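*Asks:* Requesting a structural model of the entry that follows:
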Amino acid sequence: MNLAATIDNFLEMMSAERGASKNTLEAYRRDLFWANEELAAFKTTLLETSGDELAKILASMQHDGFAATSQARRLSTLRQFFQFLYAEGLRNDDPSSDIDTPKKRANLPKIISEKQVSNLLDLAEANAKREDVSPAEHKRAMRLHAIVELLYATGLRISELVSLPVRIVRGAPDFLPVRGKGSKDRLVPLSQKAKEAVSQWLELRDKTSGSTSPYLFPAHADQGYIARQLVARELKALAVEAGISAHNVSPHVIRHAFASHLLQHGADLRVVQQLLGHSDISTTQIYTHVLEEKLQSLVNEHHPLAERSHAE
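*Replies:* Below is the predicted model:
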């Protein structure tokens, strides 16, 4: 078997059947060629290796100072590759099957409070209503108001938000159809405040340059819509104006706040998973730390043993 051709076939399958992005495919390619180079020290190749040899090259990553997340990513790539070889009849075993995934610490998401989000939204709305600014400043403020309302109302990834087609928001719909990672579609609800902010932005957008663009937030750029980095900068500036550290605010932090605040108010974890577009519930479970204090309070208040303790 020719390794390069086999890897190309694997990547073609990952693109066609699983919707892997260009960046993901390039990461797979790098991981596989890295593994093959490392296996040369054992006088074998990626197509012929044993599980013991795979385990050794992955263990070497730890010695070289790689994070557990990097080790786990490369192991995931190898597992998918060997599953492809097995399915295609190119191997009759999967040498990666017995290798344990490196344990990694779950990084708790950075969260801002409901009060801080409320301050951001109120300030964005106030700035959008200001009359003592230039037309260009007014347009930026109107756009940012719509963006912040949408971020907090939907929990969209910033990449999903900036590329929203304008057609899906016309008519003030109650739900937005969103295409997320892996070309997976989902519906996210819109709050009344978000619908109003988007409607006001649309009214202005349709009267100015970019009105013929297919995107809700058009820009003179190759992709046709505003850059994520621009939104991040404007959001941080808004945070500073609201008296919040710029370090604590980003589009992703607003997404975290959306999920955490829903859970704090009793939303089901599976529902939050669906709204965020997570394919694996374990990804959503990083938000459950926000419930620990609430759950402890519930147990202390309502558990029969707690009542006995108070009585004694």
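
*Asks:* just the helices in this protein please.
*Replies:* 3-18, 22-39, 51-63, 68-87, 114-129, 135-154, 158-162, 192-205, 228-241, 251-264, 269-276, 281-284, 292-302, 304-311 (DSSP state H).

*Asks:* Look up the closest residue to Thr154, ignoring the ones flanking it.
*Replies:* Leaving aside its sequence neighbours, Thr154 sits nearest to Val188 (Cβ to Cβ, 6 or more residues apart in numbering; 4.3 Å). Bear in mind the C-beta positions are built from the backbone N, C-alpha and C, glycine included.

*Asks:* again with Leu78
*Replies:* The shortest distance from Leu78 to any non-neighbouring residue, by Cβ to Cβ, 6+ apart, is to Ser96 (4.9 Å).

*Asks:* Next one, pLDDT for that neighbour please.
*Replies:* Model confidence at Ser96, given as pLDDT, is 91.

*Asks:* re earlier: burial of the residue nearest to Thr154, as a residue count?
*Replies:* 20 (other Cβ atoms under 10 Å).

*Asks:* Look up the residues forming beta bridges with it.
*Replies:* As for beta bridges, Val188 partners with Leu176 under DSSP bridges.

*Asks:* Can you name the residues that contact the closest residue to Arg18 other than its chain neighbours?
*Replies:* Using Cβ to Cβ, 6+ apart and skipping residues adjacent in sequence, the residue nearest Arg18 is Gly182, 6.4 Å away. Neighbouring residues of Gly182 by Cβ atoms under 8 Å, 6 or more residues apart in numbering: 18-20, 279.

*Asks:* Gly182 and Met14, how far apart?
*Replies:* Gly182 is 10 Å from Met14, where distance means Cβ to Cβ, to the nearest Å.

*Asks:* which residues are common contacts for the two?
*Replies:* In terms of Cβ under 8 Å, 6+ apart, Gly182 and Met14 are both contacted by the residues Ala20.

*Asks:* Model confidence for Glu293, exactly?
*Replies:* On pLDDT, Glu293 comes in at 54.

*Asks:* Tell me the pLDDT of the residue nearest to Thr154.
*Replies:* 93.

*Asks:* doesn't Leu176 make contact with it?
*Replies:* Yes: at 5.3 Å, Val188 counts as touching Leu176 under the criterion of Cβ atoms under 8 Å.

*Asks:* list residues touching both of the two?
*Replies:* Residues touching both Val188 and Leu176 by Cβ under 8 Å, 6+ apart: Thr154.
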